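In: How does the following fold in three dimensions:
(one chain, ligands or ions: 1)
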Amino acid sequence: MASAPSSSAEIPTQRIDGRAVAEAVVAAVGAASARLTAETGIRPGLAVVLVGEDPASQVYVGAKGKRATALGFHSVQHTLPASTSEIELIALVEALNRDPEIHGILVQFPLPGRLDEARARVIEAIAPEKDVDGLHPLNVGRLAAGGEAMVPCTPAGAMLLIRRVLGPDLSGREAVVVGRSNLVGKPIAQLLLQAQATVTIAHSRTADLPAVTRRADILVAATGRPEMVRGDWIKPGAVVIDVGINRVAAPEKGPDGTRLCGDVATAEATGRAAAITPVPGGVGPMTIAMLMANTVKAAYRAAGWPAPPLGE
Ligand SMILES: Nc1nc(=O)c2c([nH]1)NC[C@@H]1CN(c3ccc(C(=O)N[C@@H](CCC(=O)O)C(=O)O)cc3)C=[N+]21
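Out: Predicted coordinates for the structure are as follows:
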């Protein structure tokens, strides 16, 4: 029997293996760390601060600590109760700023309740050279001005995946970032611009969002809304970077079943995108790898050494 005629030819869609790229980064980070420790006695030190008991945050923070320990870093986790005051949290950050064994400080978001309103003050309390999240205004400004900045981990990881597919020069390519957060959307847009792409930042208030995303040769979805980006929002042949990690109900896995999904309807994108990052196994593992990379860079700078090459 003849197959039904299809209106458009299917495009083979490459799944970008974030776990494999993350392993390569982590291997380079481990080698750089070992060299520093052998020659100076300095072990990269990472402090992760978790306030409250958000279960997803506990999982991420645990994964970060495990990675750091496996790399031979000095790794400490500070877990504070949800009732912690702004003054107490900033006092801890200041103690970590002064601690010579700590090169990187990460305060996990979201902060609980009222404390989230203090977010900007907490970020500004972190010493910029220890700000491995790249959120301090000095690092944000340096990234915007094209200087030596600590780059936020998820954007740095996403860019590395884009470069693996398209190379370092994005001249002539249209990039659309959906999402405008300080942690993801805005810094990814800066990095794409630096790589010569033509960049649009779109968001939930953009008029005719699908028409805007359909222009994208590079589409970055960072909306935090499960599978918001549909297949027909994607230009055929686009490279799609799915930054979302959403836990949604999955009745097929039983009454309490859940599954992870991204901000892109991956099944619909398959056969249309040239390449897409899966969830899980895409940008998520890169985020942790780049956190380790930023921590080693901070330790190198503290030792007065130039930043090492990290497979980027
Ligand atoms: N100050 C701050 N910096 C952050 O970088 C930060 C944060 N707060 N708050 C929460 C988000 C989330 N985040 C992730 C890191 C790794 C995975 C990851 O490794 N995901 C795996 C597994 C996911 C799973 O199985 O749950 C994957 O996508 O394959 C996901 C999410 C960092 N964040």
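
In: quick one: Arg142 and Leu106, what's the gap?
Out: In this view, Arg142 and Leu106 are 18 Å apart by C-beta to C-beta, to the nearest Å. The way it works is simple: take the backbone N, C-alpha and C, and place the C-beta from them, glycine included.

In: Return the distance of Ala145 relative to Gln194.
Out: Distance, Ala145 to Gln194, by C-beta to C-beta: 11 Å.

In: Revised request: answer the last question for Leu46.
Out: Between Leu46 and Gln194 the distance, using C-beta to C-beta, works out to 26 Å.

In: neighbour count winner among these two?
Out: When neighbours are counted by other C-beta atoms under 10 Å, Leu46 and Gln194 differ, and Leu46 comes out ahead with 29 against 14.

In: Off-centre distance for the helix or strand hosting the more buried one?
Out: Secondary structure from DSSP states H and E places Leu46 in strand 45-51. If you compare the mean C-alpha spot of strand 45-51 with that of the full chain, they lie 17 Å apart, counting by C-alpha atoms, centre = their mean, to the nearest Å.

In: Can I get stretch 76-91 in PDB, CA atoms only?
Out: The C-alpha coordinates for stretch 76-91 follow below in PDB (Å, rounded to 0.1, in the frame of the first residue of the first chain):
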ATOM      1  CA  VAL A  76      30.400  22.500  51.700                       C
ATOM      2  CA  GLN A  77      26.700  22.800  51.900                       C
ATOM      3  CA  HIS A  78      24.900  25.200  54.300                       C
ATOM      4  CA  THR A  79      21.300  24.300  54.900                       C
ATOM      5  CA  LEU A  80      19.300  27.000  56.700                       C
ATOM      6  CA  PRO A  81      15.700  26.900  57.900                       C
ATOM      7  CA  ALA A  82      13.000  28.700  55.900                       C
ATOM      8  CA  SER A  83      12.600  31.100  58.800                       C
ATOM      9  CA  THR A  84      16.200  32.500  58.200                       C
ATOM     10  CA  SER A  85      16.300  36.300  58.100                       C
ATOM     11  CA  GLU A  86      17.900  38.400  55.400                       C
ATOM     12  CA  ILE A  87      20.500  39.600  57.900                       C
ATOM     13  CA  GLU A  88      21.400  36.000  58.900                       C
ATOM     14  CA  LEU A  89      21.700  34.900  55.300                       C
ATOM     15  CA  ILE A  90      23.900  37.900  54.300                       C
ATOM     16  CA  ALA A  91      26.000  37.200  57.400                       C
END
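
In: hmm, back to that, is the helix or strand just after the strand holding Leu46 in proximity to the ligand?
Out: With elements assigned by DSSP H and E, the helix or strand that comes after strand 45-51 is helix 55-70. Yes - judged by C-beta under 6 Å from any ligand atom, helix 55-70 and the ligand are in contact via Val59, Tyr60, Ala63.

In: quick one: low-confidence parts of the stretch 201-312 of the chain?
Out: Judged by pLDDT under 70, the stretch 201-312 of the chain has its weakly predicted residues at 311-312.

In: which of Arg142 and Leu106 has more neighbours?
Out: The residue with more neighbours, out of Arg142 and Leu106, is Leu106; 23 against 17, by other C-beta under 10 Å.

In: okay, the residue nearest to that one when sequence neighbours are not counted: pLDDT?
Out: Beyond its immediate neighbours in the sequence, the residue positioned closest to Leu106 (C-beta to C-beta, 6 or more residues apart in numbering) is Val48, lying 5.0 Å away. Val48 is assigned a predicted lDDT (pLDDT) of 97.

In: what's the neighbour count on Val48?
Out: When counting by other C-beta under 10 Å, one arrives at 23 neighbours for Val48.

In: Please verify my assumption that it contacts Lys64.
Out: Yes - counting by C-beta atoms under 8 Å, Val48 sits close enough to Lys64 to count as a contact (5.5 Å).

In: Would you mind listing the residues touching both of these two?
Out: Taking C-beta atoms under 8 Å, 6 or more residues apart in numbering as the criterion, Val48 and Lys64 both touch Leu106.

In: give me every residue that touches Leu192.
Out: With the criterion set at C-beta under 8 Å, 6+ apart, Leu192 makes contact with Met159, Ile162, Leu170, Ala175, Val177, Val199, Ile218, Val220.

In: ok, back up a step: so the residue nearest to Leu106 bridges to which residues?
Out: With DSSP bridges applied, Val48 shows beta-bridge pairing to Gln77, Leu106.

In: Leu260 in helix, strand or coil?
Out: Using DSSP: H, G, I helix; E, B strand; the rest coil as the criterion, the local structure at Leu260 reads strand.

In: Next to the ligand, which bits of the stretch 51-200 of the chain? Give me the list.
Out: So the stretch 51-200 of the chain meets the ligand at Val59, Tyr60, Ala63, Leu106, Val107, Gln108, Phe109, Asp133, Cys153, Thr154 (C-beta under 6 Å from any ligand atom).

In: how about a cut-off of 5 Å?
Out: Residues of the stretch 51-200 of the chain lying close to the ligand by C-beta under 5 Å from any ligand atom are Tyr60, Gln108, Phe109, Asp133.
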